[in-house]
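S.K.: Sequence first, predicted model second:
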Amino acid sequence: MPKNSINYKNFNMAKYVFLIAALLFSITGFPQEHFRKEQITTPKNTQFGFILSPNIGWMHVDNIQGYNTKSVVRPGFSCGVLADLNLTSNYFFSTAIIVTGINGRLNYPNIADIISTNYKLQYIEIPLTLKLKTNLTTYGRFYGQFGLGTGIKISGTETGGSIEGPINHTTEVGNDFRASLIAGAGTEWAISSGLNLQTGLVLNYGLTNAASSLNYNFKNNYLMLSLGLFF
């Protein structure tokens, strides 16, 4: 048998072996990839996680004595645990237990002896919201939420400054209960089959007076950059 004929047969055999190996690899690889995608795109009935989020707070003032008060935004922080409970494939009851610091400053241009007052109020908040989510993809999904917020004050201080000195008093202030309206939107990013990163913006608008005095009442509000991790 000619030598080149043997080489030709060896080449054909190698070609067939390569084609069979490629076919087997595609057959075994497809179910694994399909299973991974199916895991990511299958929503969980219940999601738990935690949140670490900065916020900016401000106050809406109801002047009783006609003082010309001006509100200034101040940074705060929120942290706690989250839970999304499935109602349907796209509707969730979303709640949490969050410790939130809502800070703000009031300036008094018309009062000679006080130039500003800083407020630091801290609450344990339990939001009660409805969260609407788009269909889950391999990248994640969008969501919007709205509902009511409830908060119990755990601390509250008022620090005043004067022309004579930077600080002249610090007192305990704040009403014990706070109710609010909540509205927000964002994205849940699918990191893996059991891990989602939540990013969004949440407006928390106070409905009840955060503190009361003889001169004014105020409600405190905040805008939060929501950063959460769901398991």
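M.R.: Yep, that arrived.
S.K.: what's the nearest residue to Ile152 if we skip its chain neighbours?
M.R.: Ile124 (5.0 Å; CB to CB, 6 or more residues apart in numbering). C-beta coordinates here come from the backbone N, C-alpha and C atoms, glycine included.
S.K.: What are the neighbouring residues in contact with that neighbour?
M.R.: Residues counted as contacts of Ile124 (CB atoms under 8 Å, 6 or more residues apart in numbering) are Ile97, Ile98, Val99, Gly151, Ile152, Ile154.
S.K.: which secondary structure element contains the first one?
M.R.: Same thing as Ile97. Applying DSSP states H and E as the criterion places Ile97 in strand 91-107.
S.K.: Neighbouring strands of the following helix or strand past that strand in the sheet, and parallel or not?
M.R.: Helices and strands here follow DSSP H and E; after strand 91-107, the next one along the chain is strand 116-133. In the sheet, strand 116-133 lines up against strand 91-107 (antiparallel), strand 140-161 (antiparallel) (DSSP bridges).
S.K.: so where's the protein uncertain?
M.R.: 1-43, 63-68, 109-114, 161-171, 212-216 (pLDDT under 70).
S.K.: how is it carved up into domains?
M.R.: The record's domain parsing of the chain by automatic domain parsing lists 1-40, 43-230.
S.K.: Which parts of this protein are helices?
M.R.: Along the chain, the segments classed as helices by DSSP state H run 3-40.
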